[in-house]
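J.: with the sequence up front, the predicted model follows.
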Amino acid sequence: MQFPDYRPRRMRRKPGLRRMIRENRLSLDGLVYPLFVVPGQGVEKPIPSMPGQFNYSIDRVVDAASEAYDLGIPAVLLFGVPEHKDAVGSDTWNEQGIVQRAVRAVKKAVPELVVIADACFCEYTDHGHCGVMVEGELDNDASLENLARASVTYADAGVDIVAPSGMLDGFVGAVREALDESGHSSCAVMAYSAKYASAYYGPFRDAVDSAPQEGDRSTYQMDPANAREALREVTLDIAEGADIIMVKPALAYMDIIRMVADEVDLPVAAYNVSGEYSMLKAAAERGWVDYDRVVMETLTGLRRAGAEILITYHAKEVARALGRAGQ
């Protein structure tokens, strides 16, 4: 059909009509809210480069996680900033480490909340790289051994999902094998399968003090120019036992999200990272954008690209908006 017989505007005339034919819908079900845990008591320290986000001590992260659950958000993703940093990031596998204690506290307070632990070393090493460094290079296989140890301690603490994020070769298989051998076969693995060496991570690195002291992470994170490589990485992670596949960052990589979603039969997550969040906050502070609308448009775009799970610092704001809309 063509104009004048077919008039597409007929179905745009009223909000109800637009709702009836909406192809992609945001919902609470796929939201994951990242939280930063730091040492101390009663700490709720604003992160300057991420307005509205905080570094929380364990008692306060329990409150933040409980609030998220009450809003209908099904999951949180925990990042830890330890008191002690060293060359190998040994606090990652400390049974009394910051994330391990936070997991136990959150699960005790909100048992039904899905708790995900990011498993990486950049926050825990004194050099800021994601593993063991030998003569200025990341030692992949030595780092895998430590990653496996850390993952088991997270599962021992009660985490529902371990999320290895270092983009090491064989990292998913190492985690899956360690979890299974330690009796944690029910603990899921969310793989940072297509994680790019991106400039969008800047505010996050401020939040957890994880900027590399020398060099960058381009030898283990992906080149932003590459697309087919993402499918190779995803295929490897699926073969190694991943339960969820992630693309990170999100906005500049919507083509990758779509490509992955078209190729795999596992849930696809998109990480709407700190730089993406902070850019919208900065534009809103200057009155350049309608913040609420642009957030919903952005996340709807990620959903349209094929992401079923949205990891986003906007999660609480989105949950409140969806609640107001009766969704």
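T.: Cool, got the structure.

J.: CA atoms for contacts and neighbours, from now on please.
T.: Will do.

J.: any idea how far residue 113 is from residue 96?
T.: The gap separating residue 96 from residue 113 is 21 Å, by Cα to Cα, to the nearest Å.

J.: so between these two, which is more surrounded?
T.: residue 113 (21 against 13; other Cα atoms under 10 Å).

J.: residue contacts, the more buried one?
T.: 69, 74, 75, 76, 107 (Cα atoms under 8 Å, 6 or more residues apart in numbering).

J.: secondary structure and distance to residue 293 added to those, as JSON lines?
T.: Shown next, in JSON lines, are those (DSSP: H, G, I helix; E, B strand; the rest coil; distance: Cα to Cα, whole Å):
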{"residue": "69", "secondary structure": "helix", "distance to residue 293": "23"}
{"residue": "74", "secondary structure": "coil", "distance to residue 293": "23"}
{"residue": "75", "secondary structure": "strand", "distance to residue 293": "23"}
{"residue": "76", "secondary structure": "strand", "distance to residue 293": "24"}
{"residue": "107", "secondary structure": "helix", "distance to residue 293": "33"}
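
J.: tell me how many other residues crowd residue 9.
T.: 9.

J.: same check, this time on residue 83
T.: Neighbours around residue 83, by other Cα under 10 Å: 12.

J.: residues in contact with residue 36?
T.: 54, 55, 56, 61, 78, 79, 80, 81, 207, 208.

J.: in contact with the first one, which residues?
T.: Residues in contact with residue 54 (Cα under 8 Å, 6+ apart) are 35, 36, 44, 45, 46, 47.

J.: look at it and report its pLDDT.
T.: Confidence at residue 54, expressed as pLDDT, is 96.

J.: excluding chain neighbours, give the residue nearest to it in space.
T.: residue 46 (4.4 Å; Cα to Cα, 6 or more residues apart in numbering).

J.: how near is the one you found to residue 77?
T.: On the measure of Cα to Cα, residue 46 and residue 77 end up 18 Å apart.

J.: tell me the SS of residue 167?
T.: Classification of residue 167 by DSSP: H, G, I helix; E, B strand; the rest coil places it in coil.

J.: show me what contacts it?
T.: Going by Cα under 8 Å, 6+ apart, the list of residues near residue 167 reads 192, 193, 195, 220, 221.

J.: ok, it to residue 201 distance?
T.: Taking Cα to Cα, one finds residue 167 at 15 Å from residue 201.

J.: might one say that residue 299 is in contact with residue 28?
T.: No - Residue 299 is beyond contact range of residue 28, at 11.7 Å (criterion: Cα atoms under 8 Å).

J.: helices along this protein, start to end?
T.: Assigned by DSSP state H, the helices in the chain fall at 15-20, 58-70, 98-109, 140-157, 171-181, 202-208, 228-240, 254-263, 274-285, 291-305, 315-324.

J.: is residue 55 bridged to anything, and to what?
T.: Following DSSP bridges, residue 55 is listed with bridge partners residue 36, residue 45.

J.: didn't it look like it was pressed against residue 38?
T.: Yes - assessed by Cα under 8 Å, residue 55 is found in contact with residue 38 at 6.2 Å.

J.: so where's the stretch 51-200 of the chain uncertain?
T.: 88, 126-131 (pLDDT under 70).

J.: can you redo the helices of the chain as JSON lines with distance to residue 6?
T.: Below are those laid out as JSON lines (distance: least, Cα to Cα, whole Å):
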{"stretch": "helix 15-20", "distance to residue 6": "16"}
{"stretch": "helix 58-70", "distance to residue 6": "45"}
{"stretch": "helix 98-109", "distance to residue 6": "55"}
{"stretch": "helix 140-157", "distance to residue 6": "57"}
{"stretch": "helix 171-181", "distance to residue 6": "51"}
{"stretch": "helix 202-208", "distance to residue 6": "49"}
{"stretch": "helix 228-240", "distance to residue 6": "40"}
{"stretch": "helix 254-263", "distance to residue 6": "30"}
{"stretch": "helix 274-285", "distance to residue 6": "38"}
{"stretch": "helix 291-305", "distance to residue 6": "25"}
{"stretch": "helix 315-324", "distance to residue 6": "33"}
